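Visitor: just coords:
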């Protein structure tokens, strides 16, 4: 379950446009050469490698070099500001920074601001290729397992480094937890063709691409998500598996019918989605279009637990993100830490045999993520409930809950309604200061191209929600914007938006 275990001529990674590719033989040889170079540079088990990269197939050879060297790999979001990216490189203590060609200048600025690392390799300035050319491709006797140490997306504050326990064992004979779990759930194998439309520096795209290459399948990387381009990639590469976020579903569903019907999607067996709650009606429409192949899971960058739900289960339990039993045991707890029963809403915890992660260099945040009485129960701050059959239904993030007139309002519920309005391209719902109610519900809307925003549309959107939800959940006001702050994986950077309103 590593690249060297497969036919060296088999394609391991290709780009959606077909211009770049890596075979398994190349992936194995190049990752071995890089691993040797990193050892020669003084990196040892438990050290850190930072990667500032777009969706370049070579990101996977860098990943495997880290995994066979006992290193922590920290992939950095290249859409961050110089200071934000430098904070991550400095905070993780990277001994080496590898930068893709288009980001060379950003890499140099980040290195300077971070005060290091000592080694900077550019994928396209000659330094990276020279390092590989000068290193042997002979596998060492010992290849200790590494791990990723990724940073949370920062939707509720400054990014936090999620430091897992470094696994014991050799890369050649011990599968990672993600490989073991997702191979079983989704049937990944040598016949898999996996489309990754999201940036590889985020947790799910990186980890799923790693699983596919651990199991001998082929990864198809899109440079960036584009609705029709994704459908074209499925047809061109005969994609069998793919992973999406709900905003991608919404954008594909809003394509004209003749465009959606133009592409042959019959090869696709499994469409996985996660990262954000999916509105029930959006998922229902996707099932009508693609058939019962949508598999959902709920997890986090922290990887503290996971739930799964199959298409058949979801049709019986619409809105659920599934049941536990694969990685951690679900616990729903109130503010005092008491375990709640079915139908009662509280904080979502996962119970494990031991705490599965720590926030790097931040023991206070680590303790905040742990149950007050059980350190091996951890949470990322989501709120939800389980039904009598043990299925989890998410409500929202605890940090985003609005308290208006003493009543709890969960913005996700209102957003799920508004996103279905034909004039709405994107939406965020936040609580804003209000002298009478404490907080008032406000919707911030990005309209579809060609739609005129104004008081008339504002009234229409408010009424649209009031017809479908309790009136107190409807926005009292609507603001219009050219673009909402979202991470490239589709998560709303809601904390940034809410803070802007709180500052006035």
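Guide: It's in. Predicted model only: the values in this text are computed from it and were never measured. Numbers count the residues shown, from 1 in each chain.
Visitor: ok, residue 234 touching residue 262?
Guide: No - if you go by Cβ atoms under 8 Å, residue 234 and residue 262 don't touch, sitting 11.7 Å apart. For every residue, glycine as well, the C-beta is placed using N, CA and C.
Visitor: can you list the residues that contact the worst-scoring helix or strand of the chain on mean pLDDT?
Guide: Between all helices and strands in the chain, the lowest mean by mean pLDDT, DSSP states H and E belongs to strand 407-409, at a mean of 78. Residues external to strand 407-409 that are found in contact with it (Cβ atoms under 8 Å, 6 or more residues apart in numbering): 401, 402, 403, 431, 441, 472, 473.
Visitor: Can you select the buried ones from those in PyMOL?
Guide: Entered in PyMOL, the line below selects the buried ones among the contacts of strand 407-409, by 16 or more other Cβ atoms under 10 Å:
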select buried, resi 401+402+431+441+473
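Visitor: Tell me the one among the contacts of strand 407-409 nearest to residue 192.
Guide: Checking those against residue 192 with Cβ to Cβ, the nearest one is residue 401 at 39.4 Å.
Visitor: That closest one reaches residue 383, doesn't it?
Guide: Yes - checked against Cβ under 8 Å, the pair residue 401 and residue 383 is within contact range at 7.0 Å.
Visitor: what do those two both touch?
Guide: What both residue 401 and residue 383 touch, as defined by Cβ under 8 Å, 6+ apart, is the set residue 410.
Visitor: How about residue 225: what's its closest non-neighbour residue?
Guide: What sits nearest to residue 225 in space, not counting adjacent residues and going by Cβ to Cβ, 6 or more residues apart in numbering, is residue 197, at 4.3 Å.
Visitor: and the one you found, what does it touch?
Guide: Counting by Cβ under 8 Å, 6+ apart, residue 197 touches 222, 224, 225, 230, 233, 242, 243, 244, 248.
Visitor: Drop anything exposed from these.
Guide: Among the contacts of residue 197, the ones that count as buried by 16+ other Cβ under 10 Å are 222, 225, 230, 233, 242, 243, 244, 248.
Visitor: what's the spacing between the nearest residue to the third one once chain neighbours are set aside and residue 99?
Guide: By the measure of Cβ to Cβ, 6+ apart, the closest residue to residue 230 outside its immediate chain neighbours is residue 197, 5.2 Å from it. Counting by Cβ to Cβ, to the nearest Å, the gap between residue 197 and residue 99 amounts to 23 Å.
Visitor: hmm, back to that, need the buried ones among the contacts of residue 197 in a markdown table (columns: secondary structure, distance to residue 55 and pLDDT).
Guide: Formatted as a markdown table, the buried ones among the contacts of residue 197 follow (DSSP: H, G, I helix; E, B strand; the rest coil; distance: Cβ to Cβ, whole Å; pLDDT from 0 to 100):
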| residue | secondary structure | distance to residue 55 | pLDDT |
| --- | --- | --- | --- |
| 222 | coil | 7 | 97 |
| 225 | coil | 10 | 93 |
| 230 | helix | 13 | 98 |
| 233 | helix | 12 | 98 |
| 242 | strand | 15 | 98 |
| 243 | strand | 14 | 96 |
| 244 | strand | 15 | 95 |
| 248 | helix | 15 | 90 |
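Visitor: The residue nearest to residue 230 and residue 298, how far apart?
Guide: Taking Cβ to Cβ, one finds residue 197 at 20 Å from residue 298.
Visitor: what's the answer for residue 116, then?
Guide: Using Cβ to Cβ, we find residue 116 at a distance of 37 Å from residue 298.
Visitor: Mind checking which of these two has more residues around it?
Guide: Between residue 116 and residue 298, counted using other Cβ atoms under 10 Å, residue 298 has the larger neighbour count: 22 against 15.
Visitor: For the residue nearest to the more buried one when sequence neighbours are not counted, give me its contacts.
Guide: Nearest-residue entry for residue 298: residue 321, 3.9 Å, with adjacent residues in sequence omitted and distances by Cβ to Cβ, 6+ apart. Neighbouring residues of residue 321 by Cβ under 8 Å, 6+ apart: 277, 296, 297, 298, 307, 309, 392, 393, 394.
Visitor: What are the boundaries of the strands in the stretch 351-500 of the chain?
Guide: Taking DSSP state E, counting those that start in this stretch, the strands of the stretch 351-500 of the chain run over residues 357-359, 377-378, 382-386, 392-397, 402-404, 407-409, 424-434, 438-447, 477-480.
Visitor: What strands line up against the third one, and which way round?
Guide: When pairing is defined by DSSP bridges, strand 382-386 lines up against strand 346-351 (antiparallel), strand 392-397 (antiparallel).
Visitor: Out of the contacts of residue 321, flag the one nearest to residue 414.
Guide: Relative to residue 414, the closest of these is residue 277; by Cβ to Cβ it sits at 12.3 Å.
Visitor: Is it correct that the closest one falls within a strand?
Guide: No - according to DSSP: H, G, I helix; E, B strand; the rest coil, residue 277 belongs to no strand; its state is coil.
Visitor: Look up how far residue 332 lies from it.
Guide: 16 Å.
Visitor: Likewise for residue 459?
Guide: Counting by Cβ to Cβ, the gap from residue 459 to residue 332 is 38 Å.
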